[in-house]
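> Coordinates for the following, if possible.
(one chain, ligands or ions: 1)
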Amino acid sequence: MPELAISGGEPVRVDKPFPSWPVWGEEEIDLITKTVKSGNWGYPKWEHIPEFERNFAAYHEAKYGICFNSGTSALMGALWAVGVSPGDEVILPAYTFIATASAVLLLGAVPVFADIEETTFHLDTKSVESFLTPKTKAVMAVHIGGRSTDMTALKDLCTRYELKLVEDAAQAWGAEWEHNRVGALGDAGVFSFQSSKNMTSGEGGIVLTNDRKTAEFCMTYANCGRLEDKPKYEHYYSGGNFRLSDLNGALLMAQFKRYPEMHRKRRDNAKILDGAFSDIEGFEPISEDEQATIHAYHFYLLRYNSDSFDGIDKFKIIEALQKEGIPAHPGYTIPIYKQPVFLNGAFGSRGKVIDKYMDYNSIYLPETECACNEEGIWLPQTMMLGDQDDMNDVVEAFKKIRMNASELKTSD
Ligand SMILES: Cc1ncc(COP(=O)(O)O)c(C=O)c1O
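Take a look at the predicted model:
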């Protein structure tokens with residue numbers, strides 16, 4: 001009689017959904033309704049965006065916050081504001097969402113991929129150093145899954161080589177490095193409020209910075225190249241309309257009030273899982289530690305070790321978990337440099353191949369490939385909002401797979 005659901009056994013969870021997403025209530029309805037009735041839906045007649053920018057910046061211990069209509073446009077704004085220009089090289093990891101790299105491409109700059117650390121899946125400072133050239137202008141630190149990158153090492157490197165440091169904190173609201181909230185630890189940092197994110201208004205993004213000039217350039221970039229003190233139809237830079245509407249601003253104000261409680265809940269649940277995984281061979285959580293003091297858990301990231309499962313690949317394990325009713329996910333399975341846009345060299349232009357960039361076909365970053373294809377398993381933030389009973393089921397499913405691994409060898 002098979003035990004595992006993938007081989008016909010009884011699943012751990014049947015008809016028992018994890019918490020739904022997004023979470024909303026009267027507060028969102030009230031603020032949206034008032035905003036609709038006010039007729040002030042967008043710039044310059046807006047109420048919520050400036051207030052949210054101040055509050056979100058203060059929460060992350062930053063001086064300035066500038067909203068954008070997506071995390072991607074916010075990344076473009078941040079890179080542009082710190083001075084990234086066409087032809088400049090920007091070093092970034094390839095274990096990330098495409099937007100980290102496309103923001104660089106869309107500015108006409110050149111993404112240069114460095115490898116990640118084996119244990120954290122974050123940029124490896126030594127690898128970054130090996131890719132420096134006279135054209136390198138900036139480094140992008142991606143706080144993957146909501147856990148902070150080693151900002152001490154990257155800041156030190158950027159100071160030594162006079163490079164700009166931009167944080168892609170799109171997944172890391174409220175995360176900390178050595179008790180300091182991420183976002184303004186470098187020259188600028190970016191968060192996303194797209195619908196899957198831990199804090200959402202459907203779409204949206206924000207840049208945080210402590211530098212007034214950088215903040216002003218961000219505002220200019222998001223506001224059609226205008227300068228605050230100049231007439232409306234004078235445009236001084238190549239910006240666009242990347243502003244967020246005040247309907248999103250209303251949602252963000254309401255969602256932001258919910259955030260601390262949700263942030264705490266995900267972390268409490270992570271502690272339960274951390275404890276359990278210390279007894280389940282083959283799965284190692286990438287968790288909070290001494291320096292990454294607070295993790296935001298956009299996803300709970302596990303390193304899977306196939307050696308302890310007789311070579312069974314991670315995709316089979318994920319399939320087995322899903323059959324048990326656990327929403328496990330393989331995460332990024334293609335290093336960004338292997339995405340068709342990079343292999344084809346068709347940057348920014350439809351169909352036309354531009355060969356002045358580097359040849360991405362020859363790149364091989366071993367730790368990145370390993371994270372994508374062998375080790376990375378994600379458990380989503382919505383699951384992390386469950387109760388103790390939900391976490392018990394998650395643990396039970398992993399233990400069940402551990403104990404009955406031999407069945408996986410024979411299932412198709
Ligand atoms: C790491 C990372 N960077 C950038 C983005 C881009 O954000 P958005 O989808 O809001 O443009 C996302 C999310 O989608 C992301 O996960």
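> alpha carbons only for contacts and neighbour counts from here, please
Will do.
> Residue ranges in this structure under the pLDDT threshold?
Applying pLDDT under 70 to the chain picks out residues 1, 348, 351, 355-356, 410-412.
> where does it come near the ligand, residue by residue?
With the criterion set to Cα under 6 Å from any ligand atom, the chain comes near the ligand through 70-72, 96-97, 99-100, 168, 170-171, 192-194, 203-205.
> Among these, name the ones in strands.
If you go by DSSP state E, the residues of the chain next to the ligand have 168, 192, 205 in strands.
> Report how many residues lie close to the second one.
Counted with other Cα atoms under 10 Å, residues neighbouring Ser192 total 32.
> same check, this time on Gln388
12.
> Next one: it relative to the ligand, how far apart?
Distance, Gln388 to the ligand, by Cα to the nearest ligand atom, to the nearest Å: 27 Å.
> Contacts only, for that residue.
For Gln388, the contact set (Cα atoms under 8 Å, 6 or more residues apart in numbering) comprises Asn269.
> Trp378 versus that one, what's the distance?
Distance, Gln388 to Trp378, using Cα to Cα, to the nearest Å: 19 Å.
> Domain parsing of this structure, as residue ranges.
Using automatic domain parsing, the domain parsing of the chain gives 26-255, 259-410.
> Quick check: which of those has the most neighbours on average?
domain 26-255 (a mean of 21; mean count of other Cα atoms under 10 Å).
> That one spans what distance, first to last residue?
11 Å.
> residues contacting the most centrally placed residue in the chain?
Residue closest to the average C-alpha location in the chain (Cα atoms, centre = their mean): Gln171, at 3.2 Å. By Cα under 8 Å, 6+ apart, the contact list for Gln171 reads 143-146, 191-192, 197-198, 296, 298.
> could you redo the last one with a cut-off of 7 Å?
Gln171 makes contacts with 143-146, 191, 197, 298, as judged by Cα atoms under 7 Å, 6 or more residues apart in numbering.
> Look up the closest residue to it, ignoring the ones flanking it.
Gly146 (4.9 Å; Cα to Cα, 6 or more residues apart in numbering).
> So that neighbour is in contact with His295, correct?
Yes. The criterion here is Cα atoms under 7 Å, and Gly146 meets it with His295 at 5.6 Å.
> shared neighbours, the two?
With Cα under 7 Å, 6+ apart, Gly146 and His295 have common neighbours Ala175.
> isn't Leu302 right next to Glu284, touching?
Yes. Applying Cα under 7 Å as the test, Leu302 and Glu284 come out as touching, 5.4 Å apart.
> Dihedrals phi and psi, Asn180?
phi -110, psi 130 (degrees, to the nearest 10).
> List the beta-bridge partners for it.
Note on Asn180: beta-bridge partners by DSSP bridges are Trp177.
> helices or strands up against the helix or strand that contains Arg264?
Assessed by DSSP states H and E, Arg264 sits inside helix 246-277. Judged by 3 or more Cα pairs under 7 Å, 6 or more residues apart in numbering; DSSP states H and E, helix 246-277 is in contact with helix 26-38, helix 48-59, strand 283-286.
> Can you give the distance from it to the centre of its chain?
Distance, stretch centre to chain centre, for helix 246-277: 15 Å (Cα atoms, centre = their mean, to the nearest Å).
> Same question for stretch 68-80.
14 Å.
> got the contact list for that stretch?
Stretch 68-80 has contacts (Cα under 7 Å, 6+ apart) with 99, 103-104, 107, 170, 188, 190-192, 194, 203-207, 218, 221-222, 242-244.
> Now do the helices in the protein.
Along the chain, the segments classed as helices by DSSP state H run 26-38, 48-59, 71-81, 98-106, 125-130, 151-160, 212-222, 246-277, 314-323, 340-344, 366-370, 388-403, 405-410.
> In CSV, list these along with distance to Arg350.
As requested, the helices of the chain are exported to CSV (distance: least, Cα to Cα, whole Å):
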stretch, distance to Arg350
helix 26-38, 38
helix 48-59, 35
helix 71-81, 19
helix 98-106, 13
helix 125-130, 31
helix 151-160, 35
helix 212-222, 24
helix 246-277, 31
helix 314-323, 33
helix 340-344, 10
helix 366-370, 28
helix 388-403, 44
helix 405-410, 44
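> rewinding a little: just give me the closest of the residues of the chain next to the ligand to Trp21.
Gln194 (12.3 Å; Cα to Cα).
> For the closest one, give me its contacts.
Neighbours of Gln194 in contact, by Cα under 7 Å, 6+ apart: 70, 200-204.
> separation between Val12 and Ala109?
Distance, Val12 to Ala109, by Cα to Cα: 49 Å.
> Ok, Ser406 next?
The gap separating Ser406 from Ala109 is 49 Å, by Cα to Cα.
> Kindly report the same for Glu118.
Relative to Ala109, Glu118 is positioned 28 Å away (Cα to Cα).
> Then Pro366?
Separation of Pro366 from Ala109 (Cα to Cα): 25 Å.
> Gly345 now?
Counting by Cα to Cα - Gly345 and Ala109 are separated by 13 Å.
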